[in-house]
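Undergrad: Curious how this folds, go ahead:
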Amino acid sequence: MARRWRLLSNHGLVLAYILRHPDATLRQMAFASGLTERAIYQIVADLERAGLIVKQRQGRRNVYMVDRDRLLAHDLLPELTLERFLADLAAAALPAAQGQEAAPATTEEAVPEESPPDGPSA
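TA: Numbers count the residues shown, from 1 in each chain. Below you'll find the model as predicted:
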């Protein structure tokens, strides 16, 4: 049986939900995602520790703000922005939706390839 693979992890799903519903409770996030409240609590804590979200208290509730500049922060692709990633994703999806093959990125548009870091070989 083939493994099921998805672009967004549970962390990504929760982050996307927070982007759309910054004042949602953990219970609401759990209901919307199909995860347990305990899992949501841990994911939100992970996202806070990573600096991707900031929690602010408003009355008796928490409100979450996403640091959009850090969304795609990665050591291997420091120049990749969310805007660029989404544009590349849309460009790849549009021809597929029209039944065509996606055109390869030009060298100006492509993220520069680097040789993989030295590490244990498999």
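Undergrad: give me the low-pLDDT residue ranges for this structure?
TA: Counting by pLDDT under 70, the ranges of the chain that qualify are 1, 95-122.
Undergrad: care to break it down by domain?
TA: Domain assignment for the chain by automatic domain parsing gives 10-68, 72-106.
Undergrad: so how far is the first residue of the longest one from its last?
TA: Terminal residues of domain 10-68 are spaced 18 Å apart (Cα to Cα, to the nearest Å).
Undergrad: Now do that domain: distance to the chain's middle.
TA: Counting by Cα atoms, centre = their mean, to the nearest Å, domain 10-68 is centred 13 Å from the centre of its parent chain.
Undergrad: Leu86 and Leu80: what is the separation?
TA: 11 Å (Cβ to Cβ, to the nearest Å). Yep, even glycine has a C-beta here, placed from its N, CA and C like the rest.
Undergrad: quick one: which of these two has more around it?
TA: Shown here are Leu86 and Leu80; by other Cβ atoms under 10 Å, Leu80 has more neighbours (15 against 11).
Undergrad: Give the buried residues for the biggest helix by length in the chain.
TA: Longest helix of the chain, by residue count under DSSP state H: helix 82-97. Residues of helix 82-97 classed as buried by neighbour count (16 or more other Cβ atoms under 10 Å): Asp88.
Undergrad: Could you tell me how far that helix lies from the centre of the chain?
TA: Counting by Cα atoms, centre = their mean, helix 82-97 comes out at 15 Å from the chain centroid.
Undergrad: going forward, begin numbering at 53 instead of 1
TA: Taking 53 as the first residue, the last one we looked at is helix 134-149.
Undergrad: list the helices and strands it packs on?
TA: Under the contact criterion of 3 or more Cβ pairs under 8 Å, 6 or more residues apart in numbering; DSSP states H and E, helix 134-149 touches no helix or strand at all.
Undergrad: Could you double-check that Val85 lies in contact with Ser61?
TA: One correction, residue 85 is Ser, not Val. No. The pair Ser85 and Ser61 does not pass the contact test of Cβ atoms under 8 Å, sitting 11.2 Å apart.
Undergrad: I'm done for today, thanks for sticking with me.
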